[in-house]
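*Asks:* What follows is a predicted structure for the sequence shown.
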Amino acid sequence: MACDREEKYDDLVEEFAGNSNVQILRNGHLVSRASSYIIYSVEAAAIGCVVAQFGPSTRLGAIVGGQTSCKDPEIKAFEEHLPSDVDIVSCHSLHGPSVDPKGQPLVLIKHRASDESFNKVETVLRCLQSKHVHLSAEEHDRITADTQAVTHAAFLSMGKAWHANTQFPWEGTRYVGGIENVKINLMLRIYAQKWHVYAGLAILNPEAHKQINQFARSTTELYYLMLEGRAAELRARVYAAKEKVFGAEGSPKWGANPLLRGDILDHFTIGRRPENSPPLPNNHLSLLAMVDCWSMLGIVPYDHMICSTPLFRLWLGVAEHLFRTPGLLDDCLRVGLEDNTFRRDDLQFTIAACGWAECVSLRQFETWRERFAVTQKFFEPRFKGAIEVGNAMMKAVLESDSVRD
Ligand SMILES: NC(=O)C1=CN([C@@H]2O[C@H](COP(=O)(O)OP(=O)(O)OC[C@H]3O[C@@H](n4cnc5c(N)ncnc54)[C@H](OP(=O)(O)O)[C@@H]3O)[C@@H](O)[C@H]2O)C=CC1
Ligand SMILES: O=C(O)C(=O)Cc1ccc(O)cc1
């Protein structure tokens, strides 16, 4: 049994007309009183109001959970509005649309429940064939702040930077090659989705603000070092971050095999690959800042693999590739200091990272939505083909057993 907002009832009935497995009801009261296991799957910012509205109608002894990406507001809403005889077992599928849930992490939170209720939820959700990860709500929010929120900050900032310079990066000759394909495809993937998913998990996750703020600081400070030509300081800072995040020479934290095979990514270019355009060396400010941010906050990204999204694993795979491929990191530093090719984009990237961080710290939902919406509109005409390329890239990477675990 399912419902949307009451005014969408007729549309939903029509949408599910041929599906005898799903019965559409008029509202959450009717779903709640008739169901023994209820999942709320609504915007994080709305979960409080929605549970306040329908929670009191929950059937006696039922189990209630939610798919909200950030658990703090969801659990608060459940505690406040559900009758005390109701068990609370929440969940979170750690992947977006068009990803096969098989083998992907599915977080299960036994917040207030008997073993019997918890087993029942596990049994129901086993059909997804995901990898069950048992966490508390606080652990969930801490880990997803480190993985999702700060990863999204990087891609959201790339989109704003390219938009500010009114360019589709795949149409020029500067963004060519595997790492650039990942940046472009994941940026488009994020901007093609609903704004509230990203705003919710950044603004409402109490753990996320620190990370997003540090990402903005790392970006700014590295950019200053490049701009001012402070070569020794830049090198010392980046190599210190490398040692902290990826381990010292001789005791690396990365595995024997790289997470990612760089050559897989080369195929997933949007549009036509410019002929005779070899990849241009880039200073990859976004990746240097990401690793610097992890280092400053003492985050070891490999510790979070059990509870990570494909997008995070892909991003970590690219960062690892940059830091472990001989010569690549030094190329980045050289370009950052000597080459002006990416200066304008880097300036806009830095401004964007700071803008997102300020917006999140001030809990400005409306400003966040507007910032997202204008850039979404800029890229929208290109979503159609681009999303397919992005999905194919994601699938190829997940199928090569590289970033799977
Ligand atoms: N998209 C993703 O990749 C993932 C999302 N999540 C989480 O899942 C949740 C849902 O996200 P998603 O499905 O993507 O977003 P959607 O916007 O597609 O779904 C949310 C739905 O809830 C409806 N809704 C809002 N208020 C009510 C109400 N009072 N009664 C009934 N329905 C209501 C919305 O209607 P309306 O549009 O009219 O407001 C909308 O249809 C979010 O918390 C998100 O963070 C978790 C994992 C992955
Ligand atoms: O992989 C990602 O980080 C995504 O962007 C998709 C996503 C969005 C929200 C979630 O709660 C889980 C996954």
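*Replies:* That came through, no problem. Ligands and ions are numbered 1, 2, ... in the order given.

*Asks:* The helix or strand bottoming out on mean pLDDT in the chain - contacts with which helices or strands?
*Replies:* One helix or strand of the chain scores below all others by mean pLDDT, DSSP states H and E: helix 262-265, with a mean of 74. In terms of contacts (3 or more Cβ pairs under 8 Å, 6 or more residues apart in numbering; DSSP states H and E), helix 262-265 is packed against helix 178-191, helix 383-399. (Glycine included, C-beta is placed from N, CA and C.)

*Asks:* What's the first helix or strand after it?
*Replies:* Using DSSP states H and E, the helix or strand that directly follows helix 262-265 along the chain is helix 285-296.

*Asks:* Show me which residues of the next helix or strand after that following helix are buried.
*Replies:* The helix or strand immediately downstream of helix 285-296 is helix 310-324, counting by DSSP H and E. Neighbour-count burial for helix 310-324 flags 310-323 (criterion: 16 or more other Cβ atoms under 10 Å).

*Asks:* and if you look at stretch 331-346?
*Replies:* By 16+ other Cβ under 10 Å, the buried positions in stretch 331-346 come out as 331-333, 335-337, 342, 345-346.

*Asks:* List every C-alpha atom in stretch 62-80, with coordinates, as CSV.
*Replies:* The C-alpha trace of stretch 62-80 is given here as CSV (Å, rounded to 0.1, in the frame of the first residue of the first chain):
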residue,chain,number,x,y,z
ALA,A,62,3.4,-2.0,13.7
ILE,A,63,7.0,-1.3,12.7
VAL,A,64,7.9,2.1,11.3
GLY,A,65,11.1,3.2,9.4
GLY,A,66,12.2,5.7,6.8
GLN,A,67,14.6,6.1,3.8
THR,A,68,15.7,9.6,4.7
SER,A,69,19.3,10.2,3.9
CYS,A,70,19.9,11.9,7.2
LYS,A,71,18.6,10.1,10.3
ASP,A,72,18.7,12.9,12.9
PRO,A,73,15.4,14.6,11.9
GLU,A,74,13.7,11.3,11.0
ILE,A,75,14.4,9.7,14.4
LYS,A,76,13.4,12.8,16.3
ALA,A,77,10.1,12.8,14.3
PHE,A,78,9.5,9.2,15.1
GLU,A,79,10.3,9.6,18.8
GLU,A,80,8.0,12.6,19.1
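
*Asks:* is it up against ligand 1 anywhere?
*Replies:* Yes. Judged by Cβ under 6 Å from any ligand atom, stretch 62-80 comes into contact with ligand 1 at 67-69.

*Asks:* Out of the residues you listed, which comes closest to ligand 2?
*Replies:* The closest of these to ligand 2 turns out to be Ser69 (Cβ to the nearest ligand atom; 3.1 Å).

*Asks:* can you give me the helices for the stretch 101-250 of the chain?
*Replies:* 115-125, 137-144, 150-164, 178-191, 195-203, 208-227, 231-246 (DSSP state H, counting those that start in this stretch).

*Asks:* Where among the ones you listed is average confidence lowest?
*Replies:* Among the helices of the stretch 101-250 of the chain, helix 178-191 has the lowest mean pLDDT, at a mean of 91.

*Asks:* Tell me the helices and strands packed up against it.
*Replies:* Using 3+ Cβ pairs under 8 Å, 6+ apart, helix 178-191 sits against helix 150-164, helix 262-265, helix 310-324, helix 365-379, helix 383-399.

*Asks:* Nearest spatial neighbour of the residue in the stretch 101-250 of the chain that ligand 1 sits nearest to, chain-adjacent residues omitted?
*Replies:* When distances are taken as Cβ to the nearest ligand atom, the stretch 101-250 of the chain reaches nearest to ligand 1 at Val197, 4.6 Å away. Using Cβ to Cβ, 6 or more residues apart in numbering and skipping the chain neighbours, the partner closest in space to Val197 is Ser69 (6.4 Å).

*Asks:* count of neighbours near the one you found?
*Replies:* 25 (other Cβ atoms under 10 Å).

*Asks:* for ligand 1, what are the nearby residues on the chain?
*Replies:* Residues of the chain lying near ligand 1 (Cβ under 6 Å from any ligand atom): 3-5, 28, 41-44, 46, 50, 67-69, 92-93, 96-97, 194, 197, 200.

*Asks:* Which ones among those residues lie within strands?
*Replies:* Within the residues of the chain next to ligand 1, residues falling in strands by DSSP state E are 92-93.

*Asks:* what are the bridge partners for Pro105, then?
*Replies:* Bridge pairing for Pro105 (DSSP bridges) gives the partners Lys131.

*Asks:* Please list all residues in contact with it.
*Replies:* Contact analysis of Pro105 by Cβ atoms under 8 Å, 6 or more residues apart in numbering lists 94-95, 130-131, 133, 306-309.

*Asks:* One more: Asn205?
*Replies:* By Cβ under 8 Å, 6+ apart, Asn205 lies in contact with 70, 72, 141, 144-145, 149.

*Asks:* Now with 10 Å, please.
*Replies:* By Cβ atoms under 10 Å, 6 or more residues apart in numbering, Asn205 lies in contact with 44, 69-73, 140-142, 144-145, 148-149, 211-212, 360.

*Asks:* Can you pull the phi and psi angles for it?
*Replies:* Main-chain dihedrals, Asn205, degrees, to the nearest 10: phi -80, psi 110.

*Asks:* ditto for His267
*Replies:* Main-chain torsions, His267, degrees, to the nearest 10: phi -70, psi -20.

*Asks:* Arg261 is in contact with that one, correct?
*Replies:* No. His267 is not in contact with Arg261 according to Cβ atoms under 10 Å; the separation is 11.3 Å.

*Asks:* anything in contact with each of the two?
*Replies:* Counting by Cβ under 10 Å, 6+ apart, the residues touching both His267 and Arg261 are 178, 396.

*Asks:* Between these two, tell me which one has more neighbours.
*Replies:* Arg261 (17 against 13).
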